[in-house]
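1. Could you look at this predicted model? Sequence included:
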Amino acid sequence: MTAVISGPVNAGEETPTAEEKEACMEDVFRLCSSHIPDRTAITACLRSKQASLSQRCRYVISVRDTGKKSSDSK
């Protein structure tokens with residue numbers, strides 16, 4: 001089951017760590033299962049449902065988004 005969000009979402013994003021995958025796995029199945037196995041769609045779904053995410057997954061998504069914005073501005 002760890003393969004659900006195992007690869008990079010796009011060329012500019014890092015592969016999720018085991019901890020990040022674990023933090024969001026339940027949310028993926030609960031909120032975004034219809035998007036499996038499309039990692040891009042899963043990530044978009046999680047971002048669009050941040051208010052419904054578990055605290056751990058919301059943190060992972062926000063940290064990844066913050067990191068992405070930082071690297072995009074360079």
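-> Received, thanks. Numbers count the residues shown, from 1 in each chain.
2. distance of Ser33 from Gly67?
-> Shown here: Ser33 relative to Gly67, a distance of 26 Å by Cβ to Cβ, to the nearest Å. Using the backbone N, CA and C atoms, a C-beta is placed for each residue, glycine as well.
3. just Cys24 next, same as before
-> For Cys24, the distance to Gly67 equals 15 Å [Cβ to Cβ].
4. Likewise for Ala44?
-> From Ala44 across to Gly67, the span is 17 Å (Cβ to Cβ).
5. What's the local residue count around Asp38?
-> 13 (other Cβ atoms under 10 Å).
6. An error on my part: the question was meant for Cys24.
-> Neighbours of Cys24 using other Cβ under 10 Å come to 26.
7. Which elements pack onto the helix or strand Thr43 falls within?
-> According to DSSP states H and E, Thr43 maps onto helix 39-48. Packing partners of helix 39-48 (3 or more Cβ pairs under 8 Å, 6 or more residues apart in numbering; DSSP states H and E): helix 18-31, helix 55-72.
8. So for it, what gets flagged as buried?
-> For helix 39-48, the neighbour count (16 or more other Cβ atoms under 10 Å) marks Arg39, Ile42, Thr43, Cys45, Leu46 as buried.
9. possible to save the residues you listed as TSV with distance to Ser52?
-> Shown next, in TSV, are the buried residues of helix 39-48 (distance: Cβ to Cβ, whole Å):
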residue	distance to Ser52
Arg39	19
Ile42	14
Thr43	15
Cys45	10
Leu46	9
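10. Lowest-confidence entry in those residues?
-> Of all the buried residues of helix 39-48, Arg39 carries the smallest pLDDT score, 86.
11. Can you tell me how far that residue is from Gln55?
-> In terms of Cβ to Cβ, Arg39 sits 22 Å off from Gln55.
12. for Arg64, same thing?
-> Noted for Arg64: a distance of 15 Å to Gln55, by Cβ to Cβ.
13. Neighbour count: these two, which is higher?
-> Arg64 (18 against 8).
14. thought the more buried one was touching Thr17?
-> No: applying Cβ atoms under 8 Å as the test, Arg64 and Thr17 come out as separate, 10.2 Å apart.
15. pLDDT score for Lys68?
-> On pLDDT, Lys68 comes in at 66.
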